[in-house]
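Visitor: Build me a model:
(chains A and B)
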Amino acid sequence: MNAPSSAQPLSSPHAHGARSIGQVMGLVMLALTPATLAGFWQFGWPAILLWMTTLLAAALAEALCMRFAGRRASASLGDGSTLLTGWLLALSLPPWAPWWLGAVGAFFAVIVCKHAFGGLGQNPFNPAMAARVMLLISFPVQMTQWLAPQPILSANAPSLLAAFDIIFGAGMPDAVTSASLLGHVKTEASRGILLAQSLHDIWNPLDFGFGKRTGSLGETSALLLVLGGLFLIVLRVIGPRIPLAFLLGVAAPAALAHGLAPDHYLPPLAHLLSGGVMLGAFFIATDYVTSPTTPMGRWIFGFGCGLLTWIIRSWGAFPEGVAFAVMLMNAATPLIDRYTRPRIFGRGRDGRPLATGPHG
Amino acid sequence: MGANDLPLASRLGRWLHRWGAHPDDHKHPAANTDVAALPLPPRLTLPLAQHIGAPARPEVEVGARVLRGQLLASAQGPISAPIHAPSSGTIAGIVDVPVPHPSGLSGTAILLDTDGLDEAVTMAETDPWTLAPADIARRVAEAGIVGLGGATFPAAVKLSGGQKHKTPTLVLNGGECEPYLSCDDRLMRERPAEVIDGARIILRAIEGRHILIGVEKNKPEAIAALALAAAAFPEVEIVPVPARYPMGSEKQLVSWLTGKEIPAGGLPADIGVVVQNVGTAAAIHRAIRHGEALIRRIVTVSGGAIRTPRNIEVRIGTPLAALIDFCGGTIAPVARWVLGGPMMGLAIDTLDLPIIKGSGGLLALTAAETARPGSAGPCIHCASCASACPIGLMPLEMAAHIRSDDLLGALALGLRDCIGCGTCSYVCPSRIPLVHYFNHAKGELAAQDRAKLRQDAIRQLVDARAARMEQEAREKAEVAARRKAERERAKAEAAAKAAAQAPLSPARPAEETPA
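Guide: Residues are numbered from 1 along each chain as shown, chains lettered A, B, ... in the order given. The predicted structure follows:
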């Protein structure tokens, strides 16, 4: 290789002023914290145990990979990217899922989705989403066991001891299971029941905004997720293009379809506030490694994620489509980048130098 | 035309593509301290190549006594600049010395031992409005004035070019977007009249119509001073521009002020603009009004390790060590010495170098101020570099191509459009030395181009030789064939003659055929 040596380069610039990778990942985790705490509040001790297990498993998998590669694990764990992967995976699991679901998912995410491709920066697919899809296909029952929120201090919430039994032992008691909005609507539609009827008991925009709904561990508090996302946008950790386009990609076709056939298609707000749309739009689709790098590419990518989510939810076999949509758009990312390169200063869109105009 | 008259599309584009970075400017306290004159050093070192173009040719003998402003070396070729004695004294030698150059190689320089008298040649005061445009350009060339913003392009070449192309606009660059540096700021604050007068002289030389002076908003005192000095001249407009690196880059400033982009591979003249630095304008003012050659400049001495950061007016050729001493020396370990600004300056490992015409700053950076050492991390495709690139390049992709030795791939992505401003490296969270990659690739490509030229030349020679040999062989063969044919014809004729004369006797000998 002819490229510059790793010796301290004396090339300019002689100053540096950016957040390190660790600081960036730390800010993302900070932005996730309110929604995560809300998830802990709604789903209690079992959720906390599952979250911890998943993060631990991710860290363990990272350390193993580093050991195999003969490198120090501390540096790569220190950049926080592995913890973030584990964190995002945990937030997208059913809140009372058994511990091994989180552990298997985390190992798959870190070892297969990240390190098999060459480690940080090399993976084509979002590790958390790829792991979630793998789990959904391999363990469909455990991955779709939802429950209604039972705040941690309420009378019927499980104690810490009971939580150990749920996560590491007997599993989730059948009595508490409850359907998600998207799943419920899909099942009812297959029985020929009109939307207005099937939505009647389950859809309440206010509750959904504040997270009083069934769903994955950390995806339910839509408003807190938006807040965290805005925090990242204000700090310029992420750009506004992907989240905006994602939400637009979901809402626009939903509004159109709902306007044309309100009995068969959910209203746009129900789409935005249910499932993993908010988590996906602000925290998952915005993953640097697997999303486009060009401004125009980010619009296309975000809109594609949103549109595919809506299509899968409306016409697909699965009630929820965020993970599939993000992975499909991940696959398209290199192509999007290639065809949306920005115009170079002093050149036209075709790459030729600008003409020299008349002076004046 | 000011920034407010821009079409909506341009303004929207600016809002959407917020290129650049906002490094800590570190301009104080140097920017708030008056420019001080450095005492004459005992020896001045004057490299012959202080400008872009051919080095100057010495015109003095070793041992000769020279006066301040006297010509020491004359311009050689169309793009070159002469060098004058910054003070009076004796020529001590013309030798190879270390010079400030990225290669770290040495260069030829004239050594001048000063005598402390600082006697000057007689300098003529001239009213520029009595001079023809071409005369102004000639005098600027004779004064050895080069771009003082750092590029050191001979100023007179731009003036003649501007006159030839009828460029209506003069853009004066007072951006000074590099952190730490405040030499232009001090000049604009302390000598605004010189800057404005110099600008008007340039405008006359290019026969232009108006002057736009772009100054970053972080220099309100300079903007106020210039506005006051320019109040009487309607053709001069002071335009405050956002303080954002690299706003002082020629391409960025011109585009910001005029709304027009310099075409790739082109010159500002292509869009009707001549660009000069504010320091160059002041130097032109002194050269035309007072006949003073370019023998001094203002230099910012700063950095966390300097005791008293400040701006100093120094003679060209002054050793760097004298500047550091004047500023009270260092008060902390120096992690890196930099000639110029921290973003595009040159890292140097010795203070045994002279100030040359293009040196605007000398920085002693502490470890905390420099890019913290540590190996580069992997690229996480955050595209911070792409958002920051003022040219709209994709530094991460270019670096990936260069890393896998695909220089042509990097070229196709616009490597040649890179201005080397360093914003991408500055904002990279993984501390990938992107500029280092690009410099490496540019150097490698230049070497390949040179090698290709040489190969082409050799191939042409070889081909020509082969063709020549072939032709010689062909000619030889033709001659041989002709001779053979003639011999045979002669033989046949002789035989025929013999046959005809056979009845007659005696037979005459056959005629000699030419050998």
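
Visitor: For chain B, what's its nearest residue on the stretch 51-200 of chain A.
Guide: A:Gly121 (4.0 Å; C-beta to the nearest C-beta). For glycine as for every other residue, the C-beta is placed from the backbone atoms N, C-alpha and C.

Visitor: Quick check on that residue: phi, psi?
Guide: A:Gly121 adopts backbone torsions of phi 90, psi -10, taken as degrees, to the nearest 10.

Visitor: who touches it in this structure?
Guide: If a contact means C-beta atoms under 8 Å, 6 or more residues apart in numbering or on different chains, then A:Gly121 has A:Val289, B:Pro378, B:Cys379, B:Ile380, B:His381 as its contacts.

Visitor: ok, 6 Å please
Guide: A:Gly121 makes contacts with A:Val289, B:Pro378, B:Cys379, B:Ile380, as judged by C-beta atoms under 6 Å, 6 or more residues apart in numbering or on different chains.

Visitor: before we move on, what about A:Arg343?
Guide: Applying C-beta under 6 Å, 6+ apart, we find A:Arg343 in contact with A:Arg349, B:Gly392.

Visitor: so it sits in a helix?
Guide: No: assessed with DSSP: H, G, I helix; E, B strand; the rest coil, A:Arg343 is coil; it does not lie in a helix.

Visitor: Where does pLDDT dip in chain B?
Guide: Residues of chain B that meet the criterion pLDDT under 70 lie in B:1-5, B:372-374, B:502-515.

Visitor: Do you have the helices of it handy? List them.
Guide: Under the criterion DSSP state H, helices of chain B are mapped to B:8-16, B:133-142, B:155-165, B:183-190, B:192-206, B:220-229, B:250-258, B:278-290, B:320-326, B:384-388, B:395-403, B:407-412, B:423-427, B:434-501.

Visitor: helices or strands up against the third one?
Guide: For helix B:155-165, the helices and strands in contact under the criterion 3 or more C-beta pairs under 6 Å, 6 or more residues apart in numbering or on different chains; DSSP states H and E are helix B:133-142, helix B:192-206.

Visitor: What is the end-to-end distance of stretch B:75-90?
Guide: The first and last residues of stretch B:75-90 sit 21 Å apart, counting by C-alpha to C-alpha, to the nearest Å.

Visitor: actually stretch A:173-180, not the one I typed
Guide: 17 Å.

Visitor: who's in contact with the most centrally placed residue in chain A?
Guide: Central residue of chain A (C-alpha atoms, centre = their mean): A:Ile284, 3.2 Å from the mean position. Counting by C-beta under 6 Å, 6+ apart, A:Ile284 makes contact with A:Asn126, A:Val326.

Visitor: Ok, the one 4 residues further on next?
Guide: The neighbours of A:Tyr288, taking C-beta under 6 Å, 6+ apart as the test, are B:Ile380, B:His381, B:Cys382.

Visitor: Chain A next: which of the residues you listed are close?
Guide: Among the contacts of A:Tyr288, the residues lying close to chain A (C-beta under 6 Å from any C-beta of the partner chain) are B:Ile380, B:His381, B:Cys382.

Visitor: For the residues you listed, pick the one with the most neighbours.
Guide: Within the ones next to chain A among the contacts of A:Tyr288, most neighbours by other C-beta atoms under 10 Å in any protein chain shown means B:Cys382, with 26 neighbours.

Visitor: Per-residue pLDDT of the residue nearest to that residue when sequence neighbours are not counted, please?
Guide: Spatial nearest neighbour of B:Cys382, excluding adjacent residues (C-beta to C-beta, 6 or more residues apart in numbering or on different chains): A:Tyr288 at 4.2 Å. On the pLDDT scale, A:Tyr288 is placed at 96.

Visitor: now swap in A:Thr82 and tell me
Guide: On pLDDT, A:Thr82 comes in at 95.

Visitor: What sits closest to it if chain neighbours are left out?
Guide: Nearest non-adjacent residue to A:Thr82, counting by C-beta to C-beta, 6+ apart: A:Glu62, 4.1 Å away.

Visitor: helix, strand or coil for that neighbour?
Guide: From three-state DSSP, the assignment for A:Glu62 is helix.

Visitor: can you tell me which residues contact it?
Guide: With contact taken as C-beta under 6 Å, 6+ apart, A:Glu62 is in contact with A:Leu77, A:Thr82, A:Val110.

Visitor: What of B:Ala75?
Guide: Counting by C-beta under 6 Å, 6+ apart, B:Ala75 makes contact with B:Ala81, B:Pro82.

Visitor: Same question for B:Glu235.
Guide: Counted by C-beta under 6 Å, 6+ apart, B:Glu235 has contacts B:His210, B:Ile211.

Visitor: how close does it sit to chain A?
Guide: 16 Å (C-beta to the nearest C-beta, to the nearest Å).

Visitor: At the contact with chain B, which residues of the stretch 51-200 of chain A appear?
Guide: Residues of the stretch 51-200 of chain A found near chain B, taking C-beta under 6 Å from any C-beta as the criterion, are A:Leu120, A:Gly121.

Visitor: what ranges of the stretch 51-200 of chain A fall below the confidence cut-off?
Guide: For the stretch 51-200 of chain A, the stretches flagged by pLDDT under 70 are A:175.

Visitor: before we move on, the earlier item: nearest residue to the residue of the stretch 51-200 of chain A closest to chain B in space, please, no chain neighbours.
Guide: B:Pro378 (4.0 Å).

Visitor: which residues are contacting the strand or helix carrying A:Ser198?
Guide: Following DSSP states H and E, the helix or strand that holds A:Ser198 is helix A:195-199. By C-beta under 6 Å, 6+ apart, the residues outside helix A:195-199 that reach it are A:Val185, A:Glu188, A:Asp263.

Visitor: which of the helices and strands packed on helix B:155-165 is buried the deepest?
Guide: When you average the neighbours per residue for each of these (mean count of other C-beta atoms under 10 Å in any protein chain shown), helix B:192-206 leads with a mean of 25.

Visitor: Mind giving me the packing neighbours of that helix?
Guide: helix B:133-142, helix B:155-165, strand B:169-174, helix B:220-229, helix B:278-290.

Visitor: How about the residues of the stretch 201-350 of chain A by chain B?
Guide: Applying C-beta under 6 Å from any C-beta, one finds that the stretch 201-350 of chain A approaches chain B through A:Tyr288, A:Val289, A:Thr293, A:Pro342, A:Arg343, A:Ile344, A:Phe345, A:Gly346, A:Arg347.
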